[in-house]
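# Structure for this input, please:
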Amino acid sequence: MTANSNPTVRRRRLGAELRRLRQASGLKSTEVAERLMVSQPKISHLENGRRTIGPRDVRDLCAIYGVTDPQVIDSLLQMAKESGQPGWWHAYGDIPQSGYIALETDATSLHTYEPMTIPDLLQTPAYAHTIIGQPIPQLTAEEAGTHLKVRLRRQHRIYHPARPLRLWIVLDESALRRIVGSPDIMREQLEHLTALGAEPHITVQVLPYTAGAHPGLSGQFSILRFTDSPAASAAVVYLERYTSDLYLEKPSDVRHYSVLHDHLQTQALSPDNSRDFITDVTKTYTDAASHP
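Below you'll find the model as predicted:
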């Protein structure tokens, strides 16, 4: 699935509600497609949130499903209106990961394994600026500045006063040892990481080199959940790749990566021991910065 076709959470919720109404009416998606004189894939795309659902679609589907309650119809129409509204990131133009940012903005929790770098949401401005400046082909100064603004704006999600994003991060020791920018930048970054790890809604665990071979050697992944329900159908697995990111929504895939993250949590240091470990690594950067 490409980023441009990635469903936003609002479209997913509206599509799920329309699917529920169709099933309650006893109709198959092929029958609905025939009545509307559209293709069956269009109905599937509407129900899966892969296609924008307009007010006319909502009214037509409600008529076919026999929905007459004005409150239900108005609620669906409001959902359709909200699902079509651009997110804050659209103000920055055509940016990478726009599909992922839409999901991240509406997620209730995020479980991540990161083998190489500090996750975006936990990066300091200096660390993020250095990371963003490394891609090939090289970004222009203006493009890099825009990417940095977007990344720092994304971090607002973990400070939301009413619904902060629940984060559970498993970091490979490599992410702590790799010097990004300078020892001083790394010292600041790890101090920031330690402070965030003390927040009640953020858990940081370190997977040390001594853990040896482990299930996360295949690479980075994130699991985004959109309700408090543990159901796999309420989650998406995100795999960041150099050119084309992947989004996995099959319940079997979500369960696979959920079990994988559970295993990594078990093999990693406890949150308290991880905090001590990060503090020890921070001291090495403090010493390096004071003795260049």
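# quick one: average confidence on stretch 139-147?
Mean per-residue pLDDT for stretch 139-147: 90.
# so how far is it from its chain's centroid?
Relative to the chain's own centre, stretch 139-147 is displaced by 22 Å; criterion: Cα atoms, centre = their mean, to the nearest Å.
# buried ones in it?
Neighbour-count burial for stretch 139-147 flags 144, 146-147 (criterion: 16 or more other Cβ atoms under 10 Å). Any C-beta I mention is one placed from the backbone N, CA and C, and that applies to glycine too.
# can you check stretch 41-61 too?
Residues of stretch 41-61 classed as buried under the neighbour-count rule (16+ other Cβ under 10 Å) are 42-43, 45-51, 53, 57-58, 61.
# Packing partners of the helix or strand containing residue 102?
When elements are defined using DSSP states H and E, residue 102 is found to belong to helix 98-106. In this structure, helix 98-106 packs against helix 9-25, helix 141-154, strand 235-239, strand 246-248, with contacts taken as 3 or more Cβ pairs under 8 Å, 6 or more residues apart in numbering; DSSP states H and E.
# Please identify the deepest-packed of the ones you listed.
Mean neighbours per residue, mean count of other Cβ atoms under 10 Å, is largest over these for strand 235-239, with a mean of 22.
# Might you list the low-confidence residue ranges for the chain?
Segments of the chain classed as low confidence (criterion: pLDDT under 70) are 1-9, 228-233, 292.
# Let me see the ranges of the strands in it.
Under the criterion DSSP state E, the chain contains strands at 109-114, 166-172, 202-207, 221-225, 235-239, 246-248.
# residues contacting residue 156?
By Cβ atoms under 8 Å, 6 or more residues apart in numbering, no residues touch residue 156.
# The chain should start at 895 in everything you say after this.
Understood, numbering begins at 895; the last thing we discussed is residue 1050.
# any idea how far it is from residue 1080?
Residue 1050 sits at a distance of 24 Å from residue 1080 (criterion: Cβ to Cβ, to the nearest Å).
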